[in-house]
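*Asks:* Let's see this in three dimensions:
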Amino acid sequence: MMKSSILLLLSAMAISSHGQNVDSLAVLELTRGSKGTLADTIRIDAILDSAKAWVSTGGTESPVMATDAVLDLIARIPGDPPQLLVRTLQANKLQGVAHHYAGRYAPALSCFQEMEKAAKALGRKKDEAAALNYQGYQYRSMDETERALEITQRSLAILQTLPPDGNLANTYSGLGTIHFELEQFDKAMAMHHRAVELHISSGNDGLAALSRMDLAELHNRFGRFDSAYHELSLARPLIMGSENPPDQCIFLYHEAHALLGLGRTDEAERNAQEAMRLAKEVGNDEHLHRTNELLALLASAKGRYKEALQKQDSSRAALINSLDLEKAQELTEVRLTADHEREQALLHARVEEERQMKRSTMIGGGLILLVAVLLAALLFTTRRKNAQILAAQQRVVDVEKQRENEQVRTRIARDIHDDIGSGLTKIAMLGSEAKRSLQEHSNELRTALDRIIVHSREVNAALSDIVWTVDPLHDTSGELVRHAREVAHRLLSDSGVACTLRFNHHDPEHPVAPGTKHHVVMVMKEAINNAMKYANAQHITVQLDAGARHVKLVVTDNGSGFDPEALARNGNGLRNMRARAEAMGATLLLNASPGQGCTVTLEGTLA
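*Replies:* Numbering: from 1, shown residues only. Predicted structure coming up:
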């Protein structure tokens with residue numbers, strides 16, 4: 001039996017941690033001495049209780065560590081009894097919510113898919129529908145809106161066969177958000193109102209408050225700031241009285257938006273500053289993007305143009321992080337894996353159906369010779385059909401993967417273009433305001449206008465780089481060399497640093513994976529930027545050779561150099577370059593010493 005002191009310790013940590021990293025020794029102590037039997041459910045339940053407490057306060061790391069420990073304990077117990085399936089369901093649910101709070105949508109999706117499997121095995125329809133709802137949240141967060149709609153409608157179909165409750169309300173809330181993103185605003189409003197009614201009738205005022213925030217967002221969208229502020233006033237005591245930083249961050253953002261629309265700019269700015277603090281605490285790039293954007297508008301409205309530009313810079317950086325290509329690819333891989341498993345289940349059912357037909361035919365035979373003939377014919381037919389099924393299934397999977405990859409990449413390019421285009425529009429607005437005030441503050445505003453021009457060029461360059469990365473027409477060796485040369489020239493042309501550029505390709509039509517070409521260009525940019533910003537180099541040489549299946553990048557500078565061991569401990573840039581080299585299966589060599597310059601070499605295969 002576990003020690004009561006350990007249980008008290010973990011419970012106290014769950015209450016006091018408020019989302020901080022868990023003391024891993026306490027969780028480790030609970031996992032020690034496990035017997036690998038059902039008696040371990042006492043330990044499992046203790047850890048799950050703590051994970052629930054951490055999730056309720058918006059924790060992101062502690063719940064993941066705790067639920068990993070739970071799943072490890074369950075894996076040690078032989079068999080698959082229902083009581084373990086229930087705890088598997090709970091652990092995946094809690095871990096998925098924690099990943100979602102942190103913006104890690106792909107691992108969150110995997111957790112909720114495992115939750116769905118456990119719910120189906122237990123025959124728990126409500127939990128199955130809830131798991132589908134959670135999956136819809138992840139697809140929606142990564143702009144897979146059509147997929148989110150499909151998944152959430154499956155959840156609604158299940159819940160409509162059951163008595164109405166909070167799960168049905170959550171589903172209506174999710175559908176409301178999806179219709180909002182599809183710009184079907186009347187449907188969105190109706191869905192959110194229905195969600196509020198169901199939450200209130202179920203006695204869940206906290207979730208009703210979250211749905212009121214959704215209604216407020218709709219009202220803000222159409223300039224109905226009084227209505228938005230009214231809904232938020234009803235929700236404020238429950239949201240701000242909780243200990244959930246992610247929900248509080250979203251609430252303060254919407255309230256600041258409404259206050260700005262009502263002309264109460266000082267109150268709006270205070271709310272936005274507090275929302276920014278919470279967004280940084282949570283570490284969610286989407287919250288950081290939207291809050292920085294709102295702060296930029298508030299600063300501009302008060303004539304603080306320099307601050308507005310800084311906030312716009314921060315908003316753009318958070319936006320690019322939130323739309324990261326690697327995250328989108330990771331989410332797509334998880335989705336394709338789930339689709340493949342469903343296809344395999346269908347195939348298994350078809351094969352089983354063929355087996356049943358085979359048994360029936362054998363039983364129906366009357367004569368030994370006839371049975372032998374029928375058996376041979378059936379065996380031949382079954383093998384041929386199975387081969388056809390397998391071949392057709394593989395073709396479907398291959399076509400689906402290709403179609404999904406192209407759709408995801410096209411959607412990313414379109415969304416990035418739209419969002420950064422919005423940023424450029426706001427820059428133009430700032431420029432117009434600066435021009436109107438030029439006579440009053442000429443020197444300061446000329447500087448602001450210069451920064452606007454530079455900022456616009458940087459945003460356009462970032463847009464071109466990202467769209468090039470995800471465009472399938474540019475997935476060749478020749479395009480890699482052409483674009484890399486263009487990026488290097490852009491970085492070095494106005495820098496005042498002498499440079500030598502050598503770019504060669506030997507098989508321009510050789511296909512290159514989008515991730516590989518992205519990593520090569522990003523390593524080159526990192527090496528050039530480091531040489532210009534930190535090494536005070538007077539001359540930089542960049543050489544890129546792309547063969548039929550081989551790529552080699554060498555960036556050399558004559559700058560101040562550095563100690564590679566010290567940089568390995570403290571430098572994010574070197575860690576990023578090494579991570580990219582590892583991701584594409586290449587090697588990264590760094591030759592540097594103080595006062596002797598630096599050479600960065602990336603070498604690997606094109607795949």
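*Asks:* quick check: mean pLDDT across the host helix or strand of Ala118?
*Replies:* Using DSSP states H and E, Ala118 sits in helix 105-122. Taken as a whole, helix 105-122 has an average pLDDT of 92.
*Asks:* Equivalent analysis for stretch 233-242, please.
*Replies:* Stretch 233-242 carries an average pLDDT of 91.
*Asks:* Please, which helix or strand holds Glu526?
*Replies:* In this structure, Glu526 sits in helix 514-533 according to DSSP H and E.
*Asks:* Who are the packing partners of that helix?
*Replies:* If you count contacts as 3 or more CB pairs under 8 Å, 6 or more residues apart in numbering; DSSP states H and E, helix 514-533 packs onto helix 325-364, helix 442-470, helix 477-492, strand 539-546, strand 550-557, helix 572-583, strand 598-605. Any C-beta I mention is one placed from the backbone N, CA and C, and that applies to glycine too.
*Asks:* Just name the shakiest helix or strand of this protein by mean pLDDT.
*Replies:* Across the helices and strands of the chain, mean confidence by mean pLDDT, DSSP states H and E is lowest for helix 4-16: a mean of 35.
*Asks:* Outside of stretch 251-265 itself, list whatever touches it.
*Replies:* 213, 216-217, 219-220, 223, 225-226, 228-229, 232, 235-236, 239-240, 267-269, 271-272, 274-275, 278, 287, 290-291, 294, 297-298, 301-302 (CB atoms under 8 Å, 6 or more residues apart in numbering).
*Asks:* Report the buried residues of that stretch.
*Replies:* By neighbour count on 16 or more other CB atoms under 10 Å, the buried set for stretch 251-265 is 251-261, 264-265.
*Asks:* And for stretch 476-494?
*Replies:* Residues of stretch 476-494 classed as buried by neighbour count (16+ other CB under 10 Å): 476-488, 491-492.
*Asks:* residues near Asp563, how many?
*Replies:* Look at Asp563: counted by other CB atoms under 10 Å, it has 11 neighbours.
*Asks:* got a list of what it touches?
*Replies:* If you count contacts by CB under 8 Å, 6+ apart, then Asp563 has 592-594 around it.
*Asks:* Please name the nearest non-neighbouring residue to the residue nearest the centre of the chain.
*Replies:* Against the mean C-alpha coordinate of the chain, by CA atoms, centre = their mean, the closest residue is Tyr105 at 4.1 Å. Using CB to CB, 6 or more residues apart in numbering and skipping the chain neighbours, the partner closest in space to Tyr105 is Gln138 (4.5 Å).
*Asks:* quick one: the one you found from Asp247, how far?
*Replies:* Gln138 is 18 Å from Asp247, where distance means CB to CB, to the nearest Å.
*Asks:* Then Ala188?
*Replies:* When CB to CB is applied, the distance between Ala188 and Asp247 equals 20 Å.
*Asks:* again with Pro594
*Replies:* As it turns out, when the distance is counted by CB to CB, Pro594 lies 50 Å from Asp247.
*Asks:* can you list the weak-confidence ranges in the protein?
*Replies:* For the chain, residues meeting the criterion pLDDT under 70 lie at 1-34, 322-382, 385-460, 564-572, 607.
*Asks:* How is it divided into domains?
*Replies:* With automatic domain parsing as the criterion, the domains of the chain are listed as 1-11+24-95, 204-303, 326-442, 475-605.
*Asks:* Can I take it that Gly36 is in a helix?
*Replies:* No. The assignment for Gly36 (DSSP: H, G, I helix; E, B strand; the rest coil) gives coil, which keeps it out of a helix.
*Asks:* close enough to count as contact, it and Arg76?
*Replies:* Yes. Shown here, Gly36 and Arg76 form a contact pair, counting by CB atoms under 8 Å, at 4.4 Å.
*Asks:* now Met213: how far from Phe225?
*Replies:* Between Met213 and Phe225 the distance is 15 Å, computed by CB to CB.
*Asks:* Buried ones from the contacts of stretch 251-265, can you make that a ChimeraX selection?
*Replies:* One line in ChimeraX is enough to select the buried ones among those; burial here means 16+ other CB under 10 Å:
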select :213,216,217,219,220,225,228,229,232,235,236,239,268,269,271,272,274,275,278,287,290,291,294,297,298
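*Asks:* Any idea how many residues pack against Asn591?
*Replies:* For Asn591, the count of nearby residues is 13 (other CB under 10 Å).
*Asks:* nope, Cys499 is what I meant
*Replies:* Cys499 has 19 neighbours, counted by other CB under 10 Å.
*Asks:* For the helix or strand it falls within, name the packing helices and strands.
*Replies:* Per DSSP H and E, Cys499 falls inside strand 498-505. Using 3+ CB pairs under 8 Å, 6+ apart, the elements in contact with strand 498-505 are helix 477-492, strand 539-546.
*Asks:* Please state the backbone phi and psi of Asp80?
*Replies:* Recorded main-chain torsions at Asp80 are phi -140, psi 60, according to degrees, to the nearest 10.
*Asks:* Once you drop chain neighbours, what's closest to it?
*Replies:* The shortest distance from Asp80 to any non-neighbouring residue, by CB to CB, 6+ apart, is to Ala121 (8.0 Å).
*Asks:* my guess is that neighbour contacts Leu85, does it?
*Replies:* Yes. Applying CB under 8 Å as the test, Ala121 and Leu85 come out as touching, 5.6 Å apart.
*Asks:* Give me the more crowded residue out of those two.
*Replies:* Higher neighbour count among Ala121 and Leu85: Leu85, with 18 against 14, using other CB under 10 Å.
*Asks:* can you give me the angle whichever strand or helix holds that one makes with helix 105-122?
*Replies:* When secondary structure is defined using DSSP H and E, the element that contains Leu85 is helix 82-101. Angle, helix 82-101 to helix 105-122, by axes from the mean of the first three to the mean of the last three CA atoms, to 10 degrees: 160 degrees.
*Asks:* Buried residues in helix 82-101, which are they?
*Replies:* By neighbour count, with 16+ other CB under 10 Å as the criterion, the buried positions of helix 82-101 are 84-101.
*Asks:* Could you give the separation of that helix from the chain centroid?
*Replies:* Chain-centre distance of helix 82-101: 19 Å, with CA atoms, centre = their mean, to the nearest Å.
*Asks:* Same check on stretch 548-562?
*Replies:* 32 Å.
*Asks:* hang on, Thr152 packs against Asn170?
*Replies:* No. Counting by CB under 8 Å, Thr152 does not reach Asn170; the two are 9.6 Å apart.
*Asks:* intersection of neighbour lists for the two?
*Replies:* When contacts are counted by CB under 8 Å, 6+ apart, Thr152 and Asn170 have Asn133 as shared neighbours.
*Asks:* So for Leu492, what's the nearest residue that isn't a sequence neighbour?
*Replies:* Spatial nearest neighbour of Leu492, excluding adjacent residues (CB to CB, 6+ apart): Cys499 at 4.5 Å.
*Asks:* Would you mind listing the residues in contact with the one you found?
*Replies:* Taking CB under 8 Å, 6+ apart as the criterion, Cys499 is in contact with 488, 492, 539-542.
*Asks:* Out of these, which is nearest to Pro514?
*Replies:* When the contacts of Cys499 are compared for distance to Pro514, the smallest value, 19.9 Å, is given by Ala488; criterion: CB to CB.
*Asks:* How much space separates the closest one from Gly604?
*Replies:* In this view, Ala488 and Gly604 are 19 Å apart by CB to CB.
*Asks:* swap in Asn220?
*Replies:* The separation that Asn220 has from Gly604, given CB to CB, amounts to 49 Å.
*Asks:* likewise Ile320?
*Replies:* For Ile320 relative to Gly604 (CB to CB), the value is 25 Å.
*Asks:* and what of Asp285?
*Replies:* Asp285 is 29 Å from Gly604, by CB to CB.
*Asks:* Quick check: Leu319 touching His289?
*Replies:* Yes. At 4.4 Å, Leu319 counts as touching His289 under the criterion of CB under 8 Å.
*Asks:* shared neighbours of the two, anything?
*Replies:* Counting by CB under 8 Å, 6+ apart, nothing touches both Leu319 and His289.
*Asks:* In contact with Arg236, which residues?
*Replies:* With contacts defined as CB under 8 Å, 6+ apart, Arg236 is in contact with 251, 255.
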